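J.: Need coordinates for the below:
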Amino acid sequence: MSAVEKIEEQLASLRIAKRSALSEEPAYLLDIDISKPAQSESSGSVAVSCSNKSIRLYNRETLSFLREYSSHPGILHGVRFAHTRDSMVFSACSDGTVKCWDVRLATQKAVQLFSGYPANVFCSFDINCNDLIICAGTEKVEKDTFLVFWDARGVTNCASTTKEPLGVYSESHNDDITKISFHPVEPNWVVSGSTDGLVNVFDINKDNEDDALLSTCNSDSSVSFIGWSGKDYKQVYCMTHDEGFCWWDIAQLDTEEPITLLHVLDVRDTVCIENDSLHYLVGGLYHEKADKLFLIGGTSTGNIHLISCATDGLSLVGTLSRGHSATVRSFCWNLTDESLLTGGEDAQLLLWKPGAVERSLTKKTSLKIASSVQRRIRVHKNSSQSRKK
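T.: Numbers count the residues shown, from 1 in each chain. Prediction:
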């Protein structure tokens, strides 16, 4: 059985195991991360960032609600657990801060505040694989767009202190930096994506921004998602706000080979789905064991499609239906137990597990939230401003 066939089988066996209870204030679930339990007996937590400016914590096994951090003055962009300390959870906010909470404490107060420069409005962030560096991307203010870096060490020792940035990169993008993703195993590598259409790969160990910029790839559209894939994670891929897909091989940078593996202008036109359609892309996931890159997409009625990527094109692997009743905005696939977490505009957090049986199969009605998620993203089609270094 091929790797893709095995994953098809796994996907076909996924059923809803748990469904989070609707909270008193329903909100779109925008981003999901799971803690990496340090102890095997710890079941771990799920953190979800919501459109009502709150972060909610749930038990990873039962999806029972644990607590909520709701004292945010601005829009949240992303939520991440530390890689080496499963009690620390981070989020970036449009007020120009990245905050860190200790989930063991029953306090609303962040244990650490990473402050940006005046006028910084953050719309993306990530923390590197050894938890030493945080990077946040800003919206464009006047003519400026920044990648801001902080030293993330010592979070537990100096509660409630504010950390100033180590410095910034300011030359490589000229519009909102919508996504940042550190390399899964190489702590000094980070990739950034922007509404200017550019996807930039940096080695932050270098002395200055010019030397740090290893590669500039142009998606020809506004970047909505980026990730790493391939053996040793030497490939980078992105999705765009108009549902395009680009995939590059960074290992070919020093060779004569072209680095573009695949460029699809509109995935909705190329993936054939019987008796259904594809309305949007949510994100991607590289499956290490199978050495295979997958995209997650869906329909406005809540169906979830898993799409397989190859250099000769994209193909549907399978569909999860009867779970969500509205657009799915976030997912987190746990490859160790092959479970999948999904969150959407129906304010539902679902845990899918192989062969699970849900006790109640009542599908929740769609939420029509008046103040739809304020995504201040300016989509640019004309990304010809790929500046040559």
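
J.: Report the secondary structure element holding the residue of the chain positioned farthest from its centre.
T.: Distance from the C-alpha centroid of the chain peaks at residue 256, with 32.0 Å (C-alpha atoms, centre = their mean). Here residue 256, judged by DSSP states H and E, is contained in no helix and no strand.

J.: That one and residue 179: what is the separation?
T.: 30 Å (C-beta to C-beta, to the nearest Å). Just so you know, the C-beta spots here come from the backbone N, C-alpha and C atoms, and that holds for glycine as well.

J.: same question, residue 89
T.: With C-beta to C-beta as the criterion, residue 89 and residue 179 are 19 Å apart.

J.: again, but for residue 253
T.: Relative to residue 179, and taking C-beta to C-beta, residue 253 is found at 21 Å.

J.: same thing with residue 191?
T.: Counting by C-beta to C-beta - residue 191 and residue 179 are separated by 8 Å.

J.: Spit out the residues that contact the two alike.
T.: residue 226 (C-beta atoms under 8 Å, 6 or more residues apart in numbering).

J.: Helices along this structure, start to end?
T.: 3-13, 209-212, 267-270 (DSSP state H).

J.: What I need now is those written out in JSON lines, including mean neighbour count and mean pLDDT for each item.
T.: Shown next, in JSON lines, are these (neighbours: other C-beta atoms under 10 Å; pLDDT from 0 to 100):
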{"stretch": "helix 3-13", "mean neighbour count": "15", "mean pLDDT": "83"}
{"stretch": "helix 209-212", "mean neighbour count": "15", "mean pLDDT": "97"}
{"stretch": "helix 267-270", "mean neighbour count": "16", "mean pLDDT": "94"}
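
J.: Would you mind saying which of those lies nearest residue 351?
T.: Among the helices of the chain, the nearest to residue 351 by C-beta to C-beta is helix 3-13 (14.3 Å).

J.: Other residues contacting the closest one?
T.: When contacts are defined by C-beta under 8 Å, 6+ apart, helix 3-13 is touched by residues 1, 287, 289-292, 294, 306, 308, 317-318, 320, 338, 354-355.

J.: which regions of this structure sit below the pLDDT cut-off?
T.: By pLDDT under 70, the weakly predicted segments of the chain are 38-42, 71-72, 155-160, 358-389.

J.: follow-up on the earlier one: could you give me the PyMOL syntax to select whichever of the contacts of helix 3-13 are buried?
T.: To isolate the buried members of the contacts of helix 3-13 in PyMOL, using 16 or more other C-beta atoms under 10 Å:
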select buried, resi 287+290+292+294+306+308+317+318+320+354
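
J.: which of the contacts of helix 3-13 lies closest to residue 330?
T.: Distances from residue 330 to those, taken by C-beta to C-beta, are shortest for residue 320, at 14.3 Å.

J.: correct me, but the closest one touches residue 302?
T.: No. Taking contacts as C-beta atoms under 8 Å, residue 320 lies outside contact range of residue 302: 9.2 Å.

J.: just to revisit the earlier point, same list (the helices of the chain) but as JSON lines, adding distance to residue 95.
T.: Shown next, in JSON lines, are those (distance: least, C-beta to C-beta, whole Å):
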{"stretch": "helix 3-13", "distance to residue 95": "39"}
{"stretch": "helix 209-212", "distance to residue 95": "25"}
{"stretch": "helix 267-270", "distance to residue 95": "34"}
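
J.: For residue 162, which of these is the nearest?
T.: Among the helices of the chain, if distance is taken as C-beta to C-beta, the winner is helix 209-212, at 24.9 Å.

J.: Tell me which stretches of the stretch 151-300 of the chain form strands.
T.: Remark: strands assigned in the stretch 151-300 of the chain by DSSP state E, counting those that start in this stretch are 161-163, 167-169, 177-182, 189-194, 198-203, 213-218, 223-229, 235-240, 245-249, 260-264, 280-287, 292-298.

J.: Could you export those to JSON lines, including columns for distance to residue 329?
T.: Listed next are those as JSON lines, based on distance: least, C-beta to C-beta, whole Å:
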{"stretch": "strand 161-163", "distance to residue 329": "30"}
{"stretch": "strand 167-169", "distance to residue 329": "28"}
{"stretch": "strand 177-182", "distance to residue 329": "14"}
{"stretch": "strand 189-194", "distance to residue 329": "17"}
{"stretch": "strand 198-203", "distance to residue 329": "21"}
{"stretch": "strand 213-218", "distance to residue 329": "25"}
{"stretch": "strand 223-229", "distance to residue 329": "11"}
{"stretch": "strand 235-240", "distance to residue 329": "13"}
{"stretch": "strand 245-249", "distance to residue 329": "18"}
{"stretch": "strand 260-264", "distance to residue 329": "21"}
{"stretch": "strand 280-287", "distance to residue 329": "7"}
{"stretch": "strand 292-298", "distance to residue 329": "9"}
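
J.: between the ones you listed, which gets nearest to residue 126?
T.: strand 177-182 (4.5 Å).

J.: Pick out the most distant pair among the contacts of helix 3-13.
T.: Every pair of the contacts of helix 3-13 checked by C-beta to C-beta; the farthest is 291 and 355, at 25.4 Å.
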